[in-house]
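K.L.:
This is a predicted model, with the sequence first.
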Amino acid sequence: MSGSGLTLKCQLNYRLLGITAEQAKEWEDRTEFEFNLWASSKIDNTGLNDFYDAQRIMLTGWLLNGDSLAVMKYADAAERLNPYRMRLHLIEGDRLNNPNHTQGYSPILTTEGFSLSEYVELSDGRAIRNGVETDPNGKVIAYWISNKHPNSTIPQGHMNTMGAR
């Protein structure tokens, strides 16, 4: 990734909002300050990475595994160095799996040729492909996330489903 990643740059349409240009500038500056304070804090669920580190981790996961997810969570209380409760829980794309993990495979053409894609077709038209559930029109409606990494030696993990927004 070149540069520092995504940053916030506010530009209010003050005429539409019915405020003055000075009020809009004050709001923009304050919002950017608050965002930067949050982004430079340890914002991930582990307390190890700031927003910019999290972006690099997610980009690497996407490049290596084809997917990367972040789930918003809220801490029970603010911390001394991070007054905001919102945290990101980073999830490796490898942990997206179908329930029961052995329902079937479908060939998918990739840049290296054909690969196998795990899929489940449900009776109501929904489908789950590699842990991503879609409605009959193909809209993503849920993610199926294993509580362990696929190469983990932990026996018998379980799946959690998380609605897409």
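P.N.:
Received it, and whenever you're ready, just let me know what you need.

K.L.:
and the gap between the spatially closest residue to Ser40 that is not a sequence neighbour and Leu12?
P.N.:
The shortest distance from Ser40 to any residue that is not its chain neighbour, by C-beta to C-beta, 6 or more residues apart in numbering, is 5.4 Å, and that residue is Asp50. In this view, the C-beta of every residue, glycine as well, is placed from N, C-alpha and C. When C-beta to C-beta, to the nearest Å is applied, the distance between Asp50 and Leu12 equals 26 Å.

K.L.:
rewinding a little: my guess is the residue nearest to Ser40 contacts Ala39. True?
P.N.:
Yes - applying C-beta atoms under 8 Å, one finds Asp50 in contact with Ala39, separated by 6.3 Å.

K.L.:
so which strand or helix has the closest residue to Tyr84 other than its chain neighbours?
P.N.:
Leaving out its chain neighbours, the residue that sits closest to Tyr84 by C-beta to C-beta, 6+ apart is Trp38, at 4.7 Å. Take DSSP states H and E as the rule and Trp38 turns out to sit in helix 21-39.

K.L.:
Name the residues of stretch 30-44 that are buried.
P.N.:
For stretch 30-44, a neighbour-count test (16 or more other C-beta atoms under 10 Å) marks 35, 38-39, 41-44 as buried.

K.L.:
then it to CSV, C-alphas only?
P.N.:
Included here for stretch 30-44 are C-alpha records, laid out as CSV according to Å, rounded to 0.1, in the frame of the first residue of the first chain:
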residue,chain,number,x,y,z
ARG,A,30,-13.6,18.9,14.9
THR,A,31,-14.8,15.7,13.1
GLU,A,32,-11.4,15.2,11.4
PHE,A,33,-9.7,15.7,14.8
GLU,A,34,-11.9,13.2,16.5
PHE,A,35,-11.5,10.6,13.7
ASN,A,36,-7.7,11.0,13.8
LEU,A,37,-7.7,10.6,17.5
TRP,A,38,-9.6,7.3,17.1
ALA,A,39,-7.6,6.1,14.1
SER,A,40,-4.2,6.6,15.8
SER,A,41,-5.4,4.7,18.9
LYS,A,42,-5.3,0.9,19.3
ILE,A,43,-8.6,0.3,17.6
ASP,A,44,-8.6,-3.4,16.9
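
K.L.:
From the rest of the structure, what touches that stretch?
P.N.:
By C-beta atoms under 8 Å, 6 or more residues apart in numbering, the residues outside stretch 30-44 that reach it are 7-10, 48-54, 81-84, 86-90.

K.L.:
Restrict these to the buried ones and give me that as a ChimeraX selection.
P.N.:
In ChimeraX syntax, the buried subset of those is picked out as below (16+ other C-beta under 10 Å):
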select :49,51,52,54,82,84,87,88,90
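
K.L.:
Brilliant, that's me finished.
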